[in-house]
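Q: 3D, please:
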Amino acid sequence: MSNTAVSQKELFGHPIGLFVLFFTEMWERFSYYGMRAILVLYLVTEVADKNPGLGWTNGDALSLYGTYTMMVYVMSIPGGILADKLLGQRKSVMLGCILLVAGHGILAVEEMWAFYSGLVLIVMGVGMLKPNISTMVGGLYKQGDIRRDKGFTIFYIGINLGAFLSSLIVGYVGEVHGWHYGFGLAGIGMLLGLAVYMYGQKHLAHVGNFIGTSKSEEEREAANRPLTKIEKDRIGVLFISFLLVIVFWGAFEQAGGLMSIYTADNTDRLLFGFEIPASVFQSINAMFIIFFGTSIALFWANRKLKGKISSSLFKMIVGLIIMGAGFFFMTGATIQFEDTGSSAMYWLVLAYLFHTIGELCLSPVALSFITKLAPLKYASIMMGVYFAMTGFGSKLAGLLGEWSESLGEFKIFTGIAVFCVLFGILMLAFRKQLEKLTHGVEDREGITVEEAEGFEIADIGNVE
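A: So this is what the prediction gives:
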């Protein structure tokens, strides 16, 4: 079956398959974010350095970074098409894992052909894995199951647990012991992800299969009939919500580009006489997500319980505004740098805190929103489009980083903050009209006091 849950064994109130996907994605993100943490730094480090890099200019490095991160996610569209039309999601994720193991492994070779070949294989692997593993999470739950958003939050914590560990471990190994050792360590992480996924297949046998061969007559009919007006309206809402996604990630992805360079060049990173590697700061976002993920989810659940606005679109808009406001702290950092010649670390910590709260309001919610609104036969394709939009946002982030060479960090950081806040306010003005086009898809979700109180941090802590 593709998107209809059946009776499943549970762990902590969720299907065991969720935790198989949790750990698979955790190791995949360990490999991806580990490589991402050191990629730009490797490109800009001088060839004559004690840990030699490629000696590129900041502009060239950010250009490649933007193109690479864009293509990683744009490839989610063909990855989704292959899953919906030919392979199914489960087999597509397996293929993606294999490609990623090969790509990260090749990056460990100190040759330019290996560098570019590894990036290409990673692009293809992420394109096959990302849209399909997220769609499989949604397929574990029946329509209207209140646990769906919570399940995506747990899954999202898995993503960021991998990102947190990789920024610390891979970042340290890459900067201190050698860039290619870091790339190789990322490959080992992906190999562990593949092993987890293969071992957990028995818990995923009912989800992510190609619907063209489904035993369900309802699913086979859904694969052939034309879209209804309601389905078309819902797809339209999804595409409009993707505007939020592009703007959000265009700002947020400064973390791996301009903010990473700013941290290395302009931030006083001395703590108790020890200089913290610049790449380690990228772990702050993931650490905050692990700490605050369930608290944010519980906050929105309580709002829903009290009858206050808590729709997916509202959460996403609020997330964009909060994340954008975080860049005002980077404005403060640039002002301090101009005055004193360096900026304090607390500016970065505060910026990442706001970015994290915004991300928790938008990203896992958007993943769940897609599985609620997307027609069954286009489930992976629409998830692929979502990730493609994050890719376009990443490319936008690279362009903004390049412009900083002529405009300066103050104008870029301040401009991002102002634009995100104003765009979020504009979207708030049209929220009610957009929500009407969902035709009440979220109205069927019920929540009780017991369910809200039962969603405790311990539920996640035991999994980790």
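
Q: Would you mind listing the residues in contact with Ala61?
A: Val40, Leu43, Val44 (CB atoms under 8 Å, 6 or more residues apart in numbering). Backbone N, C-alpha and C define where each C-beta goes, glycine included.

Q: Name the nearest residue to Leu191, sequence neighbours excluded.
A: Val101 (5.3 Å; CB to CB, 6 or more residues apart in numbering).

Q: what helix or strand is the one you found on?
A: Secondary structure from DSSP states H and E places Val101 in helix 89-107.

Q: Let me know the next secondary structure element after that helix.
A: Following helix 89-107 in sequence order, the next helix or strand is helix 112-139 (DSSP H and E).

Q: May I see the buried residues of that next one?
A: By 16 or more other CB atoms under 10 Å, the buried positions in helix 112-139 come out as 114-115, 117-119, 121-139.

Q: do the same with stretch 349-359
A: Result for stretch 349-359 [16+ other CB under 10 Å]: buried residues Leu350, Ala351, Tyr352, Leu353, Phe354, His355, Thr356, Ile357, Gly358, Glu359.

Q: I'd like the list of these that fall within helices, please.
A: The members of these that map onto helices under DSSP state H are Leu350, Ala351, Tyr352, Leu353, Phe354, His355, Thr356, Ile357, Gly358, Glu359.

Q: Just give me the closest of the residues you listed to Gly408.
A: Of all those, Gly408 sits closest to Ala351, with 17.2 Å by CB to CB.

Q: I figured the closest one hits Met330, correct?
A: Yes. Counting by CB atoms under 8 Å, Ala351 does reach Met330; the two are 5.2 Å apart.

Q: a helix runs through Cys309, doesn't it?
A: That one is not Cys; residue 309 is Ile. No. Counting by DSSP: H, G, I helix; E, B strand; the rest coil, Ile309 is not part of a helix but coil.

Q: Just give the nearest non-adjacent residue to it, would you?
A: The nearest residue in space to Ile309 (CB to CB, 6+ apart) is Arg303, at 7.2 Å.

Q: In this structure that neighbour contacts Ser311, no?
A: No. At 10.1 Å, Arg303 does not count as touching Ser311 under the criterion of CB under 8 Å.

Q: the more surrounded of those two?
A: Ser311 (20 against 15; other CB atoms under 10 Å).

Q: Let me know the next secondary structure element after whichever strand or helix holds Leu243.
A: Here Leu243 is covered by helix 229-252, with elements defined by DSSP H and E. Counting by DSSP H and E, the next helix or strand C-terminal to helix 229-252 is helix 258-266.

Q: Give me the contacts around that next one.
A: By CB under 8 Å, 6+ apart, helix 258-266 touches 37, 40-41, 44, 58, 62, 269, 278-279, 281-282, 330, 333-334, 337, 342-343, 348, 351, 397, 400-401, 404, 409, 412.

Q: so where's the protein shaky on pLDDT?
A: Flagging of the chain using pLDDT under 70 yields the residue ranges 1-8, 11-12, 144, 211-223, 444-464.

Q: What residues sit buried inside stretch 276-295?
A: 277-290, 292-294.

Q: typo on my end, it should be stretch 183-197
A: 183-190, 192-194, 196-197.

Q: same question, stretch 228-244
A: Glu231, Asp233, Arg234, Ile235, Val237, Leu238, Ser241, Phe242, Leu244.

Q: Now for the residue nearest to the spatial centre of the chain: which residues touch it?
A: In the chain, the residue lying closest to the centroid (CA atoms, centre = their mean) is Ser363, at 6.7 Å. By CB under 8 Å, 6+ apart, the contact set of Ser363 is Tyr156, Phe248, Gly319.

Q: do the same with Ser404
A: Leu258, Lys411, Ile412.

Q: Then Ala83?
A: For Ala83, counting by CB under 8 Å, 6+ apart, the contacting residues are Gln89, Lys91, Ser92, Met128, Pro131, Asn132, Thr135, Phe210, Ser380.

Q: Surely the fifth one and Thr390 touch.
A: No. Here Pro131 does not reach Thr390: they are 10.7 Å apart, not a contact under CB under 8 Å.

Q: May I see the buried residues of stretch 143-152?
A: Across stretch 143-152, burial judged by 16+ other CB under 10 Å covers Asp145, Ile146, Arg147, Arg148, Asp149, Lys150, Gly151, Phe152.

Q: Report the separation between the two terminal residues of that stretch.
A: End-to-end distance for stretch 143-152, by CA to CA, to the nearest Å: 14 Å.

Q: Same check on stretch 302-316?
A: 17 Å.

Q: next one: it to chain centre, how far?
A: 22 Å (CA atoms, centre = their mean, to the nearest Å).

Q: go on, stretch 58-72?
A: 17 Å.

Q: Buried residues of it, list them for me.
A: In terms of neighbour count (16+ other CB under 10 Å), stretch 58-72 has its buried residues at 58-59, 61-72.

Q: residues in contact with the residue nearest to Leu191?
A: Gly187, Met190, Leu191, Leu194.

Q: Torsion angles phi and psi at the second one?
A: So the one you mean is Met190. Per-residue torsions, Met190: phi -70, psi -30 (degrees, to the nearest 10).

Q: Leu99 is in contact with that one, correct?
A: No. Counting by CB under 8 Å, Met190 stays clear of Leu99, with 9.6 Å between them.

Q: So what does the residue nearest to His104 when sequence neighbours are not counted look like in phi/psi?
A: Leaving aside its sequence neighbours, His104 sits nearest to Gly187 (CB to CB, 6+ apart; 3.4 Å). Main-chain torsions, Gly187, degrees, to the nearest 10: phi -60, psi -40.

Q: In helices, which of the buried residues of stretch 143-152 appear?
A: Those of the buried residues of stretch 143-152 lying in helices (DSSP H): Arg147, Arg148, Asp149, Lys150, Gly151, Phe152.

Q: Fine by me, thanks again.
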